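A.B. asks: Pasting a predicted model and its sequence here:
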Amino acid sequence: MTIGMRLKDWARAIRKDVIALYIAARDPRVPWHVKAAAMAIAAYALSPIDLIPDFIPVLGYLDEIILLPVAIALVIRMIPSPLMAEFREEAQRRSERPVSRAAAAVIVLLWIMAAGFLLWAFWPRSAA
């Protein structure tokens, strides 16, 4: 198996785990603090906007290559193994379905609203 094939398999496993975390965040059997962490990680991983922009040399891919997989692994360790296996099976079933463009639009809209709020909150105002 070549390095390229192993990287593709690893990326597919990460993607499936992100979907499994999204499912875990909505499951009533998962504790609330794990749900919050799982939802935050899944939302960040599925979001088109990065914490560190990709155009910054070396650091731009730091979150995708190091930070995100570590965060995913930590949250997965907080979920009981039988539940995580169930969530991974459901993620596999869902990954075979078509992609939801409406969900992508909602995520982009939420990021735009968050950016607008931050601009409004921190924009310098004249002291007139």
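C.D. replies: Perfect, thanks for sending it.
A.B. asks: separation between the residue nearest the centre of the chain and Asp17?
C.D. replies: Closest to where the C-alpha atoms of the chain average out (CA atoms, centre = their mean) is Ala45, at 2.3 Å. From Ala45 across to Asp17, the span is 9 Å (CB to CB, to the nearest Å). Using the backbone N, CA and C atoms, a C-beta is placed for each residue, glycine as well.
A.B. asks: what's the next secondary structure element after the helix or strand of the chain with the lowest mean pLDDT?
C.D. replies: Least confident helix or strand of the chain, by mean pLDDT, DSSP states H and E, is helix 62 with a mean of 76. Moving toward the C-terminus from helix 62, the next helix or strand (DSSP states H and E) is helix 68-78.
A.B. asks: shared neighbours, Ala45 and Asp17?
C.D. replies: In terms of CB atoms under 8 Å, 6 or more residues apart in numbering, Ala45 and Asp17 are both contacted by the residues Ile72.
A.B. asks: Helices along this protein, start to end?
C.D. replies: 3-25, 32-46, 62, 68-78, 81-95, 101-122 (DSSP state H).
A.B. asks: buried ones in the longest one?
C.D. replies: Using 16 or more other CB atoms under 10 Å as the test for burial, helix 3-25 gives 14, 16-25.
A.B. asks: so which of those comes closest to Ile49?
C.D. replies: Among the buried residues of helix 3-25, Val18 lies closest to Ile49 (CB to CB), at 15.5 Å.
A.B. asks: Once you drop chain neighbours, what's closest to the closest one?
C.D. replies: Excluding its sequence neighbours, the residue lying closest to Val18 (CB to CB, 6 or more residues apart in numbering) is Ala45, at 4.4 Å.
A.B. asks: How much space separates the residue nearest to the centre of the chain from Ala38?
C.D. replies: Per CB to CB, Ala45 is found 11 Å from Ala38.
A.B. asks: which residues are in contact with both of those two?
C.D. replies: Contacts common to Ala45 and Ala38, judged by CB under 8 Å, 6+ apart, are Leu21.
A.B. asks: so Val75 touches Ile41, yeah?
C.D. replies: Yes - counting by CB atoms under 8 Å, Val75 does reach Ile41; the two are 5.5 Å apart.
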